[in-house]
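Q: everything below, folded, please.
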Amino acid sequence: MTIDKSKIRNAATVIVIRDRHTAPRILMGQRGATAAFMPNKFVFPGGAVDLGDAQVPLASMVDETCQNRLAEDADGSLAHALVVAAIRELWEETGLILGQKGAWEGTPPADWLTFAQRGYLPHAAPLQFVFRALTPPGRPRRFDARFFLVDAEDIATDLDNFDDACDELSHLQWVALSDARKFDMPFITEVVLAEVEARARQLDPPASVPFFKNNDEESLFLRLRGRPMPS
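A: Numbers count the residues shown, from 1 in each chain. Alright, predicted model coming up:
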């Protein structure tokens, strides 16, 4: 049972949750009508890992539990690039900064320049790995997507200021968790939403991470519990 990995891109998605202990809300936006992937759908900020993401410095890394689970059924060296991609996509698509104050060494990559000029380094520790899904065969684009949950209190900038966002997502808004299903969203987003609802008021990492692994021959539902990191 093989997967043509040359046609699958690693990707990272971020679910930002606000007021999780009172009236939880999540940040969503709408993809454009001409988008090649999921046009018009309401989604969480996210996108594919870029080649340079592995070289971007981090102020902090996700905890060991998340690292172990990111490494299960995957190249363990991808973890750094995945969390960098998550923070970059959040920044690009919403203008929100998940960062710690700090200076970059040398000149930051072009897509991080404004982030760095604000005086921040990407800060991955608040990210919690909660879901993974492989796009089914037959789609024009296939992604191996990791979903990360982060509390809005860990965002360094104004939660209601999207002025620095690119135009990839429109109608950026904080959606009440109880109302989110009223929006037109992809099936996998609905599935992830159920996981977020179950974990809205829980701060510790989940007991295991769901993984929808859609191979060419069958669809598998697995649980990622993590494997020890190499010493």
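
Q: how about low-confidence regions in this structure?
A: Applying pLDDT under 70 to the chain flags the ranges 1-6, 32-39, 216-217, 227-231.

Q: what about the strands in it?
A: For the chain, the strands defined by DSSP state E cover 8-18, 25-31, 42-43, 46-48, 99-101, 120-122, 128-134, 142-151, 169-176, 209-214, 219-224.

Q: in a markdown table: those, plus mean neighbour count and distance to P57.
A: In this view, the C-beta of every residue, glycine as well, is placed from N, C-alpha and C. Output for those, formatted as a markdown table (neighbours: other CB atoms under 10 Å; distance: least, CB to CB, whole Å):
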| stretch | mean neighbour count | distance to P57 |
| --- | --- | --- |
| strand 8-18 | 22 | 17 |
| strand 25-31 | 22 | 25 |
| strand 42-43 | 21 | 28 |
| strand 46-48 | 19 | 20 |
| strand 99-101 | 18 | 11 |
| strand 120-122 | 23 | 6 |
| strand 128-134 | 23 | 20 |
| strand 142-151 | 24 | 19 |
| strand 169-176 | 16 | 26 |
| strand 209-214 | 19 | 26 |
| strand 219-224 | 13 | 27 |
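
Q: tell me which of those strands approaches A86 most closely.
A: A86 lies closest, by CB to CB, to one member of the strands of the chain: strand 8-18, at 3.8 Å.

Q: for that closest one, packing partners?
A: If you count contacts as 3 or more CB pairs under 8 Å, 6 or more residues apart in numbering; DSSP states H and E, strand 8-18 packs onto strand 25-31, strand 46-48, helix 78-94, strand 142-151, helix 187-199.

Q: isn't G226 up against A74?
A: No - counting by CB atoms under 8 Å, A74 is not a contact partner of G226; they are 11.3 Å apart.

Q: closest one to K101 among the helices and strands packed on strand 8-18?
A: For K101, the closest of the helices and strands packed on strand 8-18 is helix 78-94, at 14.8 Å, according to CB to CB.

Q: mind listing what's buried along that closest one?
A: Along helix 78-94, these residues count as buried under the neighbour rule (16 or more other CB atoms under 10 Å): 78-94.

Q: where's the residue lying closest to A156 once chain neighbours are set aside relative to S60, distance?
A: The shortest distance from A156 to any non-neighbouring residue, by CB to CB, 6 or more residues apart in numbering, is to I97 (4.7 Å). Distance of I97 to S60, given as CB to CB, to the nearest Å: 14 Å.

Q: who has more neighbours, the two?
A: I97 (21 against 15; other CB atoms under 10 Å).

Q: list the contacts for the more buried one?
A: The contact partners of I97, by CB atoms under 8 Å, 6 or more residues apart in numbering, come to 91, 115, 118, 120, 155-157.

Q: now those residues: which count as buried?
A: For the contacts of I97, buried by 16+ other CB under 10 Å: 91, 115, 120, 155, 157.

Q: in JSON lines: those, plus distance to V49.
A: Formatted as JSON lines, the buried ones among the contacts of I97 follow (distance: CB to CB, whole Å):
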{"residue": "W91", "distance to V49": "15"}
{"residue": "F115", "distance to V49": "17"}
{"residue": "Y120", "distance to V49": "20"}
{"residue": "I155", "distance to V49": "21"}
{"residue": "T157", "distance to V49": "23"}
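
Q: closest to F131 among the residues you listed?
A: F131 has its nearest neighbour among these in I155, at 20.2 Å by CB to CB.

Q: isn't that closest one right up against T94?
A: No - using CB under 8 Å, I155 makes no contact with T94, being 9.3 Å away.
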